[in-house]
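Asker: The following block contains a protein sequence and its predicted model.
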Amino acid sequence: MNDLSMHVETVEVSLAVGVDIQDITSDLRRLAASAGIQDGCLNATVVGSTGSLTTIEYEPGVVEDMRRAIDRMAPPGMEYEHEKAWHDGNGHSHVGAALIDPSLSIPIRNGSLVLGTWQQAVVINHDNRARKRRVEVTVIGR
């Protein structure tokens, strides 16, 4: 029986004022390959309460559709209780990030991430200011 192995690493991504969406698939593929895991899982979490991770087809139309959908779910300019307390104008950023989710899990089979042909992993900045986001990645398996 093969022992489990674990590899951890951080990916840093510079993001513009939200909603900014960046493809990190190549980073995650590189980390999965360097971990030497044949069968297992890659788990990634963006650090911070105004960032999220998901998968989409990373092409200009879907990216714009995603931006618009996030703005409809958590519109800037609405009254948010967070802003009443902190006066930082980013209540919508917290809500939008929470609705998407901060974490992503991708299976690894035969040493490769299992993603669809048109499926890419993306990190999203929802905040009303540019951010350098840390994505903490754990690869575990055999």
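Answerer: Okay, I see it.

Asker: Poorly predicted segments of this structure, please.
Answerer: Low-confidence segments of the chain (pLDDT under 70): 1.

Asker: Do a quick rundown of the strands in it.
Answerer: All strands of the chain, identified by DSSP state E, fall at 5-15, 20-23, 40-46, 51-56, 103-109, 112-113, 120-125, 131-141.

Asker: The fifth one: which residues count as buried?
Answerer: Judged by neighbour count (16 or more other C-beta atoms under 10 Å), strand 103-109 contains these buried residues: 104, 106, 108. All C-beta spots, glycine's among them, are computed from the backbone N, C-alpha and C.

Asker: Against residue 124, how distant is the second one?
Answerer: In this structure, residue 106 and residue 124 are 16 Å apart, going by C-beta to C-beta, to the nearest Å.

Asker: what's the answer for the last one, then?
Answerer: With the distance defined as C-beta to C-beta, residue 108 ends up 23 Å from residue 124.

Asker: Any idea which residue is closest to the centre of this structure?
Answerer: By C-alpha atoms, centre = their mean, the chain has its centre lying nearest to residue 53, at 2.0 Å.

Asker: circling back to that earlier point, need the buried residues of strand 103-109 in TSV with distance to residue 68, can you?
Answerer: Formatted as TSV, those follow (distance: C-beta to C-beta, whole Å):
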residue	distance to residue 68
104	22
106	26
108	33
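
Asker: what's around the nearest residue to residue 17 once chain neighbours are set aside, how many residues?
Answerer: Of all residues not flanking residue 17 in the chain, residue 130 sits nearest, at 5.6 Å (C-beta to C-beta, 6 or more residues apart in numbering). The local packing of residue 130 (other C-beta atoms under 10 Å) involves 12 other residues.
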